[in-house]
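Give me a 3D structure for the following:
(one chain, ligands or ions: 2)
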Amino acid sequence: MAAPVGMMEAIFARNKEEHPEPLRAEVQGEIPSWMEGILLRNGPGMHTIGESKYNHWFDGMALLHSFTIKNGEVFYRSKYLRSDTYNCNIEANRIVVSEFGTMAYPDPCKNIFAKAFCYLSHTIPEFTDNCLINIMRNGDDYYATSEVNFIRKINPRTLETLEKVDYTKYVAINLSTSHPHYDSAGNVLNMGTSIVDKGKTKYVIFKIPSSAPASEKRKKKSCLKHLEVMCSIPSRSLLHPSYYHSFGLSENYILFIEQPFKLDILKMATAYIRGVNWASCLVFHKDDKTWIHLIDKRTKKPVSAKFYTDAMVLFHHVNAYEEEDHVVFDIISYKDNSLYQMFYLKNLDGNFENNTKLNSIPTCKRFVIPLQYDKEADVGSNLVQLPSTTATAVKEKDGSIYCQPELLYEGIELPRINYDYNGKKYRYIYATEVKWSPVPTQVVKVDTLTKTALHWEEEHCWPAEPIFVPSPNAKEEDDGIILSPIVTSDPQKPPFLLILDAKTFKEMARATVKTDLHLDLHGLFIPKKDLKVEPEADLDNEHE
Ligand SMILES: CC1=C(/C=C/C(C)=C/C=C/C(C)=C/C=O)C(C)(C)CCC1
Ligand SMILES: [Fe+2]
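Ligands and ions are numbered 1, 2, ... in the order given. All right, here's what the predicted structure looks like:
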């Protein structure tokens, strides 16, 4: 499919209008009656403020949007996150807060970013609270998340912005992932990097309980107060901690990949005075190794064996599980960091096709880590004993173990699974297929067993990350529905929420919305039973 000139600019760079009042979508097909709840998603929606423009797609102001499904009907809403960053920018009518790919210099007026003037004496700058990447659920609370120390509480029904939460008040981290995990009790597990703690750079794994102790419930205290550090892992290099976007979780282990795509702290500390963006402080060391860390949840200690693989860059873990004394984990990996390069808005304009040819294809790979093996095994022997995989883990002379993956599937990103199978043996990956550019053209269901896939695609359609929602009495892993918002590039064709049968990948319904829809990043589905108030109890006077 070829991209008409200017189309990419409309998709990526044009400011999207918010639509905070519920808008009734036109449903074609039938949405099963059990399907009730809110699909809540996040992503950048505004890349120009006054005369100033952001450089990178990941810089855009967070635009929350939701599809509320009730009685076979769908209502759409969108609202910009009223972060301090957003408010300051709008007030100044220009970009005054730095983002991933854009360094900004604030007005000399007094604003909450006044601290930015202390850059010269601070290693860690005051980061943005433009939480544009994902949504995190913690008990009954929902937060917009990004990769720094701030998260923003939001109202999942009205999309209103609530408190600004600073992780550093509860745990010594300066960066955190936007992809937390959840255990079966609903507790949040997440990871962050601590840079300034007594000069010891480390990765911190922490848990936020899903509810506060009963004695505090009445006071509506936040669960964050009860955040608990599970384990920390020292960074191999104090001044170059690895960058990571997600981590893995099996039943008993936490999986952390220390990749040679690293944050250079000295570069970051001087970025402001050098006039360069944060992105330029992330450096790929192509000749370094990628270290694989396993943390035993029971002992809260890292497994001592040294597992590594070749240099790579990864953003998304897919899933991990244990099988016969091995940990199996699947990730989407790249051979370098060119993905971040591609999302500079200057590469996403008229010359899009030439600028963004994927030279590093996102590839789904399976790694297998042996947990129990013969310590006397010969150097050079493969310690993986699983017949189902070609992944290997070879003992080296110095006792370290060199892991080589099995290729599962090429050209997919934004992976999701049936989260009931998270940490467990599983079979299906739902993702977007990325063929000729980093922009998805298809929704896919990959069968990791047969390495085959089912696809959905349509002309002028650009799908978002597909979310799996299990059906109420699901027996099989793929008993459920796939939800994916579809951005369209043909002005005659309005955008819609696509609803697929996860088993067959046949379209069950689509809910068309006559408004602007932005290409987003990640989100979650809140089933009706998890909503404190009936979804859209107030929808009787919705706008049509
Ligand atoms: C602001 C800021 C950061 C922001 C990173 C962002 C916003 C990353 C987005 C990544 C995405 C969307 C990846 C998708 O696969 C860093 C570099 C962590 C550290 C310095 C300050
Ligand atoms: Fe992500």
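
what about the most centrally placed residue in the chain, distance to ligand 1?
Centroid-nearest residue in the chain: His179, 4.9 Å away (criterion: CA atoms, centre = their mean). To ligand 1, His179 is 9 Å away according to CB to the nearest ligand atom, to the nearest Å. C-betas here are computed from N, CA, C, even on glycine.

Would you mind confirming that that residue is in contact with His522?
Yes: applying CB atoms under 8 Å as the test, His179 and His522 come out as touching, 7.4 Å apart.

Mutual contacts of these two, please.
Asn134 (CB atoms under 8 Å, 6 or more residues apart in numbering).

For the closest residue to ligand 1 within the stretch 401-544 of the chain, give me its contacts.
Proximity of the stretch 401-544 of the chain to ligand 1 (CB to the nearest ligand atom) peaks at Leu521, 5.4 Å away. By CB under 8 Å, 6+ apart, the residues touching Leu521 are Arg41, Asn42, Gly43, Pro44, Leu132, Ile133, Asn134, Leu414, Glu465.

Which ones among the residues you listed also lie next to ligand 1?
Among the contacts of Leu521, the ones lying near ligand 1 by CB under 6 Å from any ligand atom are Ile133.

Out of the contacts of Leu521, which comes closest to ligand 1?
So of those, ranked by how close each gets to ligand 1 (CB to the nearest ligand atom), first place is Ile133, at 5.0 Å.

That closest one - how many residues pack around it?
23 (other CB atoms under 10 Å).

What does the pLDDT read for the residue of the stretch 401-544 of the chain closest to ligand 1?
Leu521 carries a pLDDT value of 98.

The chain should start at 540 in everything you say after this.
All set: I'll call the first residue 540, so the last point we hit is now Leu1060.

Quick check: it vs Ser976, distance?
17 Å (CB to CB, to the nearest Å).

Kindly report the same for Gly962.
33 Å.

Give me the more crowded residue out of those two.
Taking other CB under 10 Å, Gly962 and Ser976 do not tie; Gly962 has more neighbours (22 against 19).

Contact partners for that one?
Leu788, Ser789, Glu790, Asn858, Ala859, Tyr860.

show me what contacts the nearest residue to Glu972 once chain neighbours are set aside?
Excluding the flanking residues, the one nearest Glu972 by CB to CB, 6 or more residues apart in numbering is Gln981, at 4.0 Å. Each residue near Gln981 by CB under 8 Å, 6+ apart is listed here: Thr971, Glu972, Lys974, His994, Trp995, Glu996, Pro1002.

ok, what's across the strand from the last one?
Judged by DSSP bridges, the bridge partners of Pro1002 are Ile1025.

got the residues of this structure near ligand 1?
597, 638-639, 666-667, 672, 685-687, 714, 784, 817, 821, 854, 1060.

give me phi/psi at whatever residue of the stretch 840-989 of the chain ends up closest to ligand 1?
With CB to the nearest ligand atom as the measure, Phe854 is the residue of the stretch 840-989 of the chain nearest to ligand 1, at 3.9 Å. Here the main-chain torsion angles of Phe854 (degrees, to the nearest 10) amount to phi -110, psi -50.

So it sits against Leu878, correct?
Yes: counting by CB under 8 Å, Leu878 is a contact partner of Phe854 at 7.4 Å.

the more surrounded of the two?
Legend: neighbour count by other CB under 10 Å for Phe854 and Leu878, higher for Phe854 (22 against 17).

Who does the helix or strand where Phe795 lies pair with, and is each partner parallel or antiparallel?
Using DSSP states H and E, Phe795 falls within strand 792-797. Strand 792-797 pairs in its sheet with strand 787-788 (antiparallel), strand 829-835 (antiparallel), by DSSP bridges.

Residues contacting that strand, please?
By CB under 8 Å, 6+ apart, strand 792-797 touches 728, 730, 742, 744, 769-770, 772, 774-775, 781, 783, 786-788, 829-836, 842, 853, 856, 859, 861, 866, 868, 870.

could you redo the last one with a cut-off of 6 Å?
For strand 792-797, contacts defined as CB atoms under 6 Å, 6 or more residues apart in numbering pick out Ile744, Ser781, Phe786, Gly787, Trp830, Ile831, His832, Leu833, Ile834, Ala859, Val866, Phe868.

Make CSV out of those and add neighbour count and pLDDT.
Formatted as CSV, those follow (neighbours: other CB atoms under 10 Å; pLDDT from 0 to 100):
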residue, neighbour count, pLDDT
Ile744, 22, 98
Ser781, 22, 98
Phe786, 22, 98
Gly787, 25, 98
Trp830, 18, 98
Ile831, 24, 98
His832, 19, 98
Leu833, 22, 98
Ile834, 23, 98
Ala859, 25, 98
Val866, 23, 98
Phe868, 26, 98
